[in-house]
Every structure is written in C-alpha cells, then in structure tokens.
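> one predicted model, sequence on top.
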2 protein chains.
Amino acid sequence: MFRATITDIARELGLSASTVSRALHDHPDISEATKTKVKEIAARLDYFPDSIAQGFKKQRTSTIGIIVPEIQHHFFSSAISGIEDLAYNAGFTIMVCQSNEDYEREKLNLRAMVSNRVAGLLVSLSQSTMDVSHFDILKKRKIPVVFFDRTHEDLTGSQVKVDDHNGAYQLVSHLIDRGYKHIAHIAGPSNILIGRERECGYRDALIDRGLTIDESLIVRGGYRNSDGTHGAEKLLALPKRPDAIFCVNDPVALGAYLVIKQQGLRIPNDIALAGFSNNPISALIEPPLTTVDQMSYDIGKSAAALLLEQIEKGVDNVSPVILVKKTKLIIRKST
Amino acid sequence: MFRATITDIARELGLSASTVSRALHDHPDISEATKTKVKEIAARLDYFPDSIAQGFKKQRTSTIGIIVPEIQHHFFSSAISGIEDLAYNAGFTIMVCQSNEDYEREKLNLRAMVSNRVAGLLVSLSQSTMDVSHFDILKKRKIPVVFFDRTHEDLTGSQVKVDDHNGAYQLVSHLIDRGYKHIAHIAGPSNILIGRERECGYRDALIDRGLTIDESLIVRGGYRNSDGTHGAEKLLALPKRPDAIFCVNDPVALGAYLVIKQQGLRIPNDIALAGFSNNPISALIEPPLTTVDQMSYDIGKSAAALLLEQIEKGVDNVSPVILVKKTKLIIRKST
DNA sequence: ATGAAAGCGCTAACAG
DNA sequence: CTGTTAGCGCTTTCAT
C-alpha cells in the first residue's frame, strides 16, 4: 500500500523535489549524473507520475474527452478506436461519454469533460441537438475542440467530416445510371449537417440528371436502425412504390433491409437499397449493400491529430479548419 | 476566461471556503439559509466543481477505467456502452484504453489508469496475456477491479462472464442433434479462460454423445476475423472435410463464413457454421448464423454494478464474486 | 453553525 | 546545476 512520490526519490538521494521533477523530465539544467541516479531510484521504487496531481498543478490533464451519440454504433466505436490509437502514441488517454442522442445528456457530458479538465475535446453531435451554444464554454475556457462527422453550421471550431454531399451525389448518380427512376430517400434530421448535405446530394443528383423530385419519396427520421424500419414501412406502403431507396446511413439501411425482406421483396430486383458509411456488416448481408465508405477509423485519427496540434500549439495559435475527406463509392449487389 | 471556484463563492458571501464546500455537499451542520444563498450564488456564477482538484484531494477520482482488447469489436463497444450508461447514472465518467490484444500495451494501459487514480477498473484481457501479475498493483493500491469476459485463472478479483462451457456444450449438442458427425472447432488461445471453456464444452458435448474427438478438427487461433479465415482454410483443406464448424466467437465465424462462400460451398448443406456472441451482424448474413447470445450490454452493466459496489463499500469490505450469466442458444439457418 | 489551517503531489518562478 | 517557495481547488480535522 505504498506509492512512491517524487518526494520519496528526493529524500532517498538527498535532493530536492524540484530537481527530481526536472531530472525526470530531462530538463537541460540537470547533470547527466543526477538524471541517471534519479531515474535509477525511480525505477527501483516503481515510481510513476500521478497524472491527477500533474493535471491539477498544470491546470490541464493528458486526457482527451470524446462525446459521441452512441458508443456501440460501428462508425463511432471505430472512430474512437482511431482516436485512442493516436492518443496512446502521444501519451494521452481518452475519456468517453455517450449522449444517447439526447441533448440534455450531451450538455451534462460536456460539463463532466470540462470538470475533468480534459486537454481537448472531440465531439459528434446528438441528433436532437438544435442549439449548440453550450459549447461556448470551450472557447471561454480555451479548451481545444474538434467536431467530427455530426456537425452543425453554428459551430466555430475545427471539423472533420467526409464530403457528404458528393458521396450522396455519386451514389444517387450511380442509381440513376443503373436505370432506377423512382429513387426514395430515408433522410436524417435536418439540424445535423450530414443529414442535410446527404439529402442535398440526393436532390442535386436527381435534378442534374433531369429527374423530378417527388417529396413524397423523402421520409425523415433519425440515424438509428428503427428509423430505417419506419421509413421503409412508409415508403413501401406508398401507392407508387419506389424502385430504389437511398438511406442516410448504414444502420438505417439495415433497418430498411429487414422490412423489405419481411415483405418478401427481392433486392435489387424489386427494389434497390443503398446506405452510407460502409459498416462491415453491409458487405456480409445478402445481397451485400451498396454504400459509401466513410473511413471511420481515419476520421477519428484525423480529428485526433487536429486536436493534438491545437493542444500543442495552443488553441489561439491555430486557426480552425474544416477537413473534408473524400468518400469512396462502394458498389455491391444491392443496386 | 473566468472559472468560478469555491473561493469566489465564499468571497461573494463573506463566508469561508470550507462552509461553502459543506453547503454545496448538503452537510447537516450548515443552516438552510446559507445553503440556499450558497447555491444561489453558485448557480449565478455557473460554478461547477473541479473534478481533478477533488480527485487530487480525495486521492481518488470519479472515473472508472476500462481496458479492452479492441474498442470496435461489437462485443466490447456494446459492453462499454452498458458500463457508460450505468456509470453516468452513478455520477462517474469512463476512461477507455484498448490493448490491441498486446500484452505490453495492456501493461501500459494499466499504469495510465493507476496514474489517473481511477476509482475502479474494468478489464477484459488481451489474447496475448499469459501472465497477470501486473494486476497485483491494484491489490496493493486497493483499487477495485472487475474482470469481464476474458478472464484468467490466476486472477483474484471479481469476474463477470457467461457460462462459456455450457453455451458451447448446448451449441455443439444442437449440432449433433442436427446430425452432423464431423464437427470441427476453431478455438481461441488457451491462456484465456473463455477459449478453454468453450473448447471444453465442445469436447464434453462430443464425448457425452459418444462421438470421438478428432484432434485434427481442432485448429487454434485468436479472436479476430482473420483467425477465422485462416482456421477455415486449414479445415477445408483437410482430406476429410468437416461437416460443421463451431467457432470460438462471431468475428471468427464471419472470417470462416467468407472463406466458405469463396470456395463456393453452401451453408449449411455442404457445411454448417456456428459462432458465439450473437453480434447483430450474425442475424443478417445469409444464411443467418446460429450462435450463442452473450448479452454484451448486460455483461458490461453487471460488471459496472459490481465495481460500483466495491467502490462504495470499499474494496476490503466486499468479497470477490464470480458472476456467471446464462447464455441463450440462438438457432438460425446456418446449422 | 462556521472558520482556520493544513495538505494532497507536482511544477515553475526565482534565487543562488 | 540545484534548492526554496508558493500554490493549483478542494476537503477535512480541529477549533471556536
């Protein structure tokens, strides 16, 4: 039940705590001789720094906070994995909260993060977040933040996302090329940019190819499985059934997939289906799903890299950027 | 750039910091009048406690540490989600590290957790962890810990897992009932208990039903997708091909699934396939996979509940338990 | 019912 | 090259 502190090492060697601290940090002022001695004793006593004490003193920890809607959503768990890998290599640990798509919980998560003096924050918004002013506190406290994937137009910090508009545009163009004429869209909520941009890509593709937009073919929901189920049920009940459905993301597409199968319809013969995100599961269903690769792991890594830069250089010395990654259309048998 | 502290509130009211601290914590000594005043000012100044300072003072934070092999594995991300939900309700936040199945990284993760003075730790071992003595530090520091899913026989703390032996036994019995005679097993590494117990369940089921065990039908690997691929390749190249394969978990089964499909074999007609964990993906492939439900989210919640109890009552006042959850056999078309 | 004071472990002026 | 000192925000014992 003994925990070695810097003072223990100092006492052992008849040095001061500050010298030991400096030696441990390879401060140039300290002689090689003492550095060696200090490190020797440190190793012998199995000393390792108390991150909490350091964080307290320095007013900032080596922890990166992450707020996502749902941890178990593949896109996010994969992004978190990318963040963790990068953070680990930079000597940071991650603290994760999930908003469960709930605005109030997102606000509390944010407080917890600030309260824990995270060095920086990585955020993907909940689908129910309309107002983003709670993030103002970060600017006030000079806490670096990078938003990824689920962003909002009123946000001022850096952002990392894929080119949602273009990804959707390409996908819908592909559907048109295949000869589909009545292409429906199960859209996301309009407060979150990715939802709006994917819908916009969908609309623009139709318009550019001379097709008319039928508003009854656009149903709006959230980003979850169940939203796909409900959306598909509505669409399939339409008097003139669509011949293709483009879903705002893969979880929604999978929800739709189940409904289509249940109703005994064949994909793509009776109705084509496409998603967005390229979850691993989409390659394995039968038929495999056409989708847009969103490079979740890379998005996580890029967002973390941007954040680390801000942490290192100071939030005031880095101007916010919006990093837009290219998507890749993955054509499979569902279209 | 102003952050209200307890001292600010104290100054504002002409009180001492200690009184304010007590008022904020609803200490019985403090009069209702001052409590009200303090809370009023606290709200006005948008005060909220500095968790780091609290943790520093109290020698323990309100953070629960989690170490898992891979965050993006559905079983783990789902368990983490369960942990986070429970932790959130109890006023804790979670800190997550992934070992990437690497023993050395697991050791460093552990240090980071201790260094961050987590209130308690939830651990699932990496597949390369043979020796678990690095966890001794937790006992020395009296840090509560609960191991879940991937455990090891030398571990002393509490554990939460499913009845792996029975789950495998039931599954293999089902295969025998179906008439399969040459049932192969792609097994996990033997250092981790779940691997050994699932294998044991497999062996016992065969023996109890009077079938002989053919060691050449047992191939050993890890817990990842690629292990399933390699395992299946070996098994399918055998002179006498097995008529069924039971895989140590769903990711491995999916790796095997791809190989079987690639080789043009039909499931289950040419060869049956079964997994373990009931990843959502396993219900959606064609044919859907027979598997064993492992209730990942619940395992996470139960482990977290056990941990919180230890944190609350003190690690010395709770005797370690091993919680074994019942599994549920999910029979689908792949068998 | 409230205050004074000490201290958790570490770092960083400032001083020598 | 090394030591002294102060203090980060909070809790808690001991006074009053």
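Cool, the structure landed. Numbers count the residues shown, from 1 in each chain, chains lettered A, B, ... in the order given.

> contacts, neighbours, all on C-alpha from now
Will do.

> mind listing the strands for the stretch 201-335 of chain A?
All strands of the stretch 201-335 of chain A, identified by DSSP state E, counting those that start in this stretch, fall at A:218-220, A:244-247, A:272-274, A:291-293, A:322-325, A:328-330.

> what parts of the stretch 101-250 of chain A come near chain B?
Selection of the stretch 101-250 of chain A residues close to chain B by Cα under 8 Å from any Cα of the partner chain yields A:112, A:115-117, A:140-142.

> now, of these, which are buried?
Among those, those classed as buried by 16 or more other Cα atoms under 10 Å in any protein chain shown are A:112, A:115-117, A:142.

> pLDDT check: weakest of the residues you listed?
Among those, A:K142 carries the lowest pLDDT, at 91.

> so the nearest residue to A:F135 once chain neighbours are set aside is in which element?
Nearest non-adjacent residue to A:F135, counting by Cα to Cα, 6 or more residues apart in numbering or on different chains: A:L110, 7.8 Å away. Per DSSP states H and E, A:L110 falls inside helix A:103-115.

> direction included, what does whichever helix or strand comes after that helix pair against?
Next along the chain after helix A:103-115, taking DSSP H and E as the criterion, comes strand A:120-123. Sheet neighbours of strand A:120-123, with direction, are listed as strand A:63-68 (parallel), strand A:145-148 (parallel) (DSSP bridges).

> after the first one, next one along is what?
What that stands for is strand A:63-68. helix A:74-89.

> wait, A:T61 sits on A:G55?
Yes. The pair A:T61 / A:G55 is scored as a contact, 4.1 Å apart, by Cα atoms under 8 Å.

> roughly how far is stretch A:228-240 from the heart of the chain?
How far stretch A:228-240 lies from its chain's middle: 29 Å, per Cα atoms, centre = their mean, to the nearest Å.

> my bad, should have said stretch A:282-293
The answer for stretch A:282-293 is 21 Å, by Cα atoms, centre = their mean.

> just the CA trace of that stretch, in PDB.
C-alpha atoms of stretch A:282-293 as PDB (Å, rounded to 0.1, in the frame of the first residue of the first chain):
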ATOM      1  CA  SER A 282     -23.000  -4.200 -45.100                       C
ATOM      2  CA  ALA A 283     -20.600  -6.400 -47.000                       C
ATOM      3  CA  LEU A 284     -21.900  -9.500 -45.500                       C
ATOM      4  CA  ILE A 285     -25.600  -9.300 -45.900                       C
ATOM      5  CA  GLU A 286     -27.300 -10.900 -48.900                       C
ATOM      6  CA  PRO A 287     -27.200  -9.200 -51.200                       C
ATOM      7  CA  PRO A 288     -24.300  -7.000 -50.000                       C
ATOM      8  CA  LEU A 289     -25.100  -3.400 -49.700                       C
ATOM      9  CA  THR A 290     -24.000  -0.600 -52.000                       C
ATOM     10  CA  THR A 291     -22.800   2.200 -49.800                       C
ATOM     11  CA  VAL A 292     -20.300   5.000 -49.300                       C
ATOM     12  CA  ASP A 293     -17.100   4.400 -47.400                       C
END
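
> before we move on, the earlier item: how about the strands of the stretch 201-335 of chain A, which one is nearest DNA strand D?
strand A:322-325 (32.1 Å; Cα to the nearest atom of the strand).

> list the helices and strands that closest one packs on?
Applying 3 or more Cα pairs under 8 Å, 6 or more residues apart in numbering or on different chains; DSSP states H and E, we find strand A:322-325 packed against strand A:158-162.

> report the buried residues of the helix or strand following the strand it packs on.
Past strand A:158-162, further along toward the C-terminus, the next helix or strand under DSSP H and E is helix A:164-177. Neighbour counts over helix A:164-177 (16+ other Cα under 10 Å) mark A:164-176 as buried.
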